[in-house]
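> Sharing a sequence plus its predicted fold:
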Amino acid sequence: MKSVETFTQLGSVIASFMFIWAMFKQYCPYQLQNYFEKYSKRVFTFVYPFIQITFNEFTGDRFMRSEAYSAIENYLGSNSTMQAKRLKADVVKNSSQSFVLSMDDFEEVTDEFQGIKLRWASGKHISKSQSFSFHPVTDERMYYTLTFHKRHRSLILGTYLSHVLKEGDAIKVKNRQRKLYTNSGSYWRHVVFEHPASFETIAMEAGKKKEIMDDLITFSQSEEFYARIGRAWKRGYLLYGPPGTGKSTMVAAMANLLNYDIYDLELTSVKDNTELRKLLIETSSRSIIVIEDIDCSLDLTGQRKKKREEQGRGDDKDPKLKLPKEETDGKQSQVTLSGLLNFIDGLWSSCKGERLIVFTTNFLEKLDPALIRKGRMDKHIELSYCSFEAFKVLAKNYLRLETHHLYARIQELLGETKMTPAEVAEHLMPKTLPGDDKVCLEGLIAGLEKAKEDARLKAEEEEAKEKASSPEENAKEKGKENGLCDNGNAEMSKEKE
Ligand SMILES: Nc1ncnc2c1ncn2[C@@H]1O[C@H](COP(=O)(O)OP(=O)(O)OP(=O)(O)O)[C@@H](O)[C@H]1O
Ligand SMILES: [Mg+2]
């Protein structure tokens with residue numbers, strides 16, 4: 001890199017000479033000017049075999065920061081921290097509130113790409129406002145320059161620069177503030193997404209958890225695979241299970257694992273298929289589009305289909321078919337099952353980047369099979385009642401307990417009765433400060449025993465009802481009634497006698 005520096009100094013000398021020439025050339029005869037310029041350029045390229053590219057912070061529009069400049073800034077971040085003697089620090093308001101370091105003005109760092117050394121330098125143009133003012137405004141425009149030998153021109157201009165942009169963008173995505181979007185009608189609004197859920201804290205069997213995490217990570221790293229097989233880079237997940245088993249929590253954990261944004265799509269407030277299409281096209285890459293409680297969101301369920309069949313109306317693929325959920329509402333949503341299916345199947349192919357679509361439901365059996373078939377909803381994940389293994393995860397998170405003598409009783413009860421992780425978690429919440437583990441575990445045992453007793457009573461009640469409504473029982477009951485009547489008649493006839 002020493003040679004680059006020497007040549008840079010030489011370049012500066014030649015540049016100064018060119019500047020002096022520019023000042024005085026007007027006093028030279030025209031032919032001499034041409035002659036001098038032609039040969040001075042040749043000499044310059046001969047003695048200075050390096051190419052320099054400038055990347056300005058602002059291009060054209062003063063208010064729009066150049067994307068290339070930001071990508072380079074991110075790309076050089078780690079190099080700058082290691083090499084530059086003067087750094088600039090800033091705080092990024094993300095969850096970690098960490099510092100972001102970049103090289104200060106007029107600093108230099110080197111980079112290496114496929115064995116080629118390159119030099120990046122930062123600079124600043126300062127211009128004062130021309131108009132007179134007591135508070136003159138200075139206009140500062142930062143820039144980066146990249147210097148490399150001309151024999152590497154094609155490699156640097158092609159492969160290296162796209163590598164810089166790609167890496168810089170990836171770093172930007174990693175450091176960015178993630179967002180949670182919700183739709184009000186056909187517009188997305190967003191807030192900063194800072195949900196603490198992670199796969200580590202989700203109560204679930206370790207094997208199942210690992211399988212889901214592996215699936216997600218494999219998906220996020222399979223851009224080339226999807227391109228090769230000619231499929232849009234998307235994957236559908238269907239999370240189903242009773243309320244309070246962690247479906248929404250898992251969506252947040254997925255977003256945190258993959259560093260994705262979340263688009264929480266409220267289908268009932270979407271007017272029609274056109275609005276749905278608009279909303280979905282506006283979603284960015286690296287995002288999860290979630291439709292919670294899909295069975296309630298719209299009547300996109302098998303039951304509605306059956307009802308329609310009974311009414312002798314066409315099939316569910318008819319795009320004109322309207323499936324308003326709240327027909328009594330003033331505003332009717334006219335999003336159709338076919339509208340949703342068409343989007344899931346078709347439109348994404350033209351949207352760049354990766355997207356996950358997640359449906360959650362409490363009632364799997366209510367959903368139209370067309371909606372959840374493989375290829376649309378590729379992975380079906382059941383979130384169910386709390387197992388002992390899941391309980392241990394919760395106890396570790398909430399009480400920092402690995403084991404306890406009450407665990408044996410809890411294991412026994414969890415095998416006999418159903419309780420959702422949400423309910424178990426509620427029992428494990430400390431009731432006083434500092435929390436008392438034994439009190440929490442005993443509370444849970446009491447809760448489980450009560451749930452077991454309630455379930456037993458309910459089962460008995462149902463059994464009794466069933467018996468009452470069974471034909472044999474009815475006949476017996478009738479028999480009894482008749483018997484009573486006969487007896488009554490007999491008594492009456494006795495009385496008559
Ligand atoms: N598997 C789980 N692991 C850890 N915490 C859980 C789990 N399931 C539920 N919880 C806790 O219970 C609360 C409710 O869970 P969540 O909202 O994810 O349930 P859900 O399945 O989405 O319910 P619903 O069907 O009613 O929307 C969460 O705040 C979470 O802390
Ligand atoms: Mg939920």
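Looks like it came in fine. Numbers count the residues shown, from 1 in each chain. Ligands and ions are numbered 1, 2, ... in the order given.

> Could you use CA atoms for every contact and neighbour count after this?
Fine.

> In stretch 255-264, which residues are buried?
Buried residues in stretch 255-264, counted by 16 or more other Cα atoms under 10 Å: Ala255, Asn256, Leu258, Asn259, Tyr260, Asp261, Ile262, Tyr263, Asp264.

> nope, stretch 285-297 is what I meant
Buried residues in stretch 285-297 (16+ other Cα under 10 Å): Arg286, Ser287, Ile288, Ile289, Val290, Ile291, Glu292, Asp293, Ile294, Asp295, Cys296, Ser297.

> Surely the third one is in a strand?
Pointing back at Ile288 there. Yes. When classified by DSSP: H, G, I helix; E, B strand; the rest coil, Ile288 is found to be part of a strand.

> and the gap between it and ligand 1?
Applying Cα to the nearest ligand atom, to the nearest Å, the value for Ile288 to ligand 1 is 16 Å.

> and if you look at the first one?
When Cα to the nearest ligand atom is the yardstick, Arg286 and ligand 1 sit 22 Å from each other.

> that older thread, okay, the buried residues of stretch 255-264 in JSON lines with distance to Glu112 next?
Listed next are the buried residues of stretch 255-264 as JSON lines, based on distance: Cα to Cα, whole Å:
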{"residue": "Ala255", "distance to Glu112": "34"}
{"residue": "Asn256", "distance to Glu112": "32"}
{"residue": "Leu258", "distance to Glu112": "29"}
{"residue": "Asn259", "distance to Glu112": "28"}
{"residue": "Tyr260", "distance to Glu112": "31"}
{"residue": "Asp261", "distance to Glu112": "33"}
{"residue": "Ile262", "distance to Glu112": "37"}
{"residue": "Tyr263", "distance to Glu112": "39"}
{"residue": "Asp264", "distance to Glu112": "43"}
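
> Out of the residues you listed, list just those in helices.
Residues of these located in helices (DSSP state H): Ala255, Asn256, Leu258.

> Let me know the closest of those residues to ligand 1.
Checking these against ligand 1 by Cα to the nearest ligand atom gives Ala255 as the nearest, at 13.6 Å.

> mind listing what the closest one touches?
Ala255 sits next to Asp261, Ile262, Ser287, Ile288 when contact means Cα atoms under 8 Å, 6 or more residues apart in numbering.

> Dump those residues into JSON lines; add pLDDT as well.
Listed next are the contacts of Ala255 as JSON lines, based on pLDDT from 0 to 100:
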{"residue": "Asp261", "pLDDT": "93"}
{"residue": "Ile262", "pLDDT": "96"}
{"residue": "Ser287", "pLDDT": "93"}
{"residue": "Ile288", "pLDDT": "95"}
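
> Pipe the ones in helices among the buried residues of stretch 255-264 into TSV and attach distance to Leu444 and pLDDT per row.
Shown next, in TSV, are those (distance: Cα to Cα, whole Å; pLDDT from 0 to 100):
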residue	distance to Leu444	pLDDT
Ala255	31	95
Asn256	30	94
Leu258	34	93
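
> wait, which of the residues you listed is closest to Met429?
Using Cα to Cα, Asn256 is the member of those that sits closest to Met429, with 23.8 Å.

> mind checking which helix or strand the closest residue to ligand 1 within the stretch 301-450 of the chain is in?
Residue nearest to ligand 1 within the stretch 301-450 of the chain (Cα to the nearest ligand atom): Ala422, separated by 3.4 Å. Using DSSP states H and E, Ala422 sits in helix 421-428.

> Relative to Glu354, how far out is Glu211?
Going from Glu211 to Glu354 by Cα to Cα, to the nearest Å gives 20 Å.

> The two: which is more packed in?
Neighbour totals were compared for Glu211 and Glu354, and Glu354 leads with 22 against 10 (other Cα atoms under 10 Å).

> Over to that one: give its phi and psi.
phi -90, psi 140 (degrees, to the nearest 10).

> quick one: contacts for it?
Per Cα under 8 Å, 6+ apart, neighbours of Glu354: Ser220, Glu223, Trp233, Lys234, Ser285, Arg286, Ser287.

> The same query, at a cut-off of 10 Å, please.
For Glu354, the contact set (Cα atoms under 10 Å, 6 or more residues apart in numbering) comprises 219-223, 226, 232-235, 260, 284-288, 348.

> ditto for Ala89
By Cα under 10 Å, 6+ apart, Ala89 lies in contact with Phe99, Val100, Leu101, Ser102, Met103, Asp104.

> Can you list the helices and strands that the helix holding Ala422 packs against?
Judged by 3 or more Cα pairs under 10 Å, 6 or more residues apart in numbering; DSSP states H and E, helix 421-428 is in contact with helix 388-399, helix 437-469.

> residues making contact with that helix?
For helix 421-428, the external contacting residues (Cα under 10 Å, 6+ apart) are 202-204, 243-246, 383-387, 390-391, 394-395, 397-399, 420, 435-448.

> switch to 7 Å and redo it
Contacts of helix 421-428 with the rest of the structure, by Cα atoms under 7 Å, 6 or more residues apart in numbering, involve Gly244, Thr245, Tyr385, Cys386, Leu394, Tyr398, Cys440, Leu441, Gly443, Leu444.

> Next to ligand 1, which bits of the stretch 101-250 of the chain? Give me the list.
Thr201, Ile202, Ala203, Met204, Pro242, Pro243, Gly244, Thr245, Gly246, Lys247, Ser248, Thr249 (Cα under 6 Å from any ligand atom).

> 8 Å instead?
Contact residues (Cα under 8 Å from any ligand atom) of the stretch 101-250 of the chain with ligand 1: 201-204, 240-250.

> Give me the subset of these lying in strands.
Under the assignment DSSP state E, those contribute Tyr240 to strands.

> now the strands: where do they sit in the stretch 201-350 of the chain?
Counting by DSSP state E, counting those that start in this stretch, one finds strands in the stretch 201-350 of the chain at the ranges 234-240, 261-264, 287-291.

> partners of the shortest one in the sheet?
According to DSSP bridges, the neighbouring strands of strand 261-264, each with its direction, are strand 179-184 (parallel), strand 287-291 (parallel).

> Please parse this protein into its domains.
49-129+136-175, 179-382, 394-471 (automatic domain parsing).

> Report the contact partners of the residue nearest the centre of the chain.
Geometric centre of the chain, nearest residue: Tyr260, 2.8 Å, by Cα atoms, centre = their mean. For Tyr260, the contact set (Cα under 7 Å, 6+ apart) comprises Arg178, Arg286, Ser287, Ile288.

> again, only using 10 Å
173-174, 178-180, 193, 252, 254, 284-288, 354-356.

> State the pair within those that is farthest apart.
Largest pairwise distance in these, by Cα to Cα, is 18.8 Å, between Phe193 and Glu354.

> Against ligand 1, how distant is Ala455?
Counting by Cα to the nearest ligand atom, the gap from Ala455 to ligand 1 is 21 Å.

> List the residues that contact that residue.
Contact partners of Ala455, counting by Cα under 10 Å, 6+ apart, are Thr417, Lys418, Glu449, Glu461.

> before we move on, what about Ile410?
Counting by Cα under 10 Å, 6+ apart, Ile410 has contacts Phe388, Phe391, Glu416, Leu441, Glu442, Leu444, Ile445, Ala446, Leu448, Glu449.
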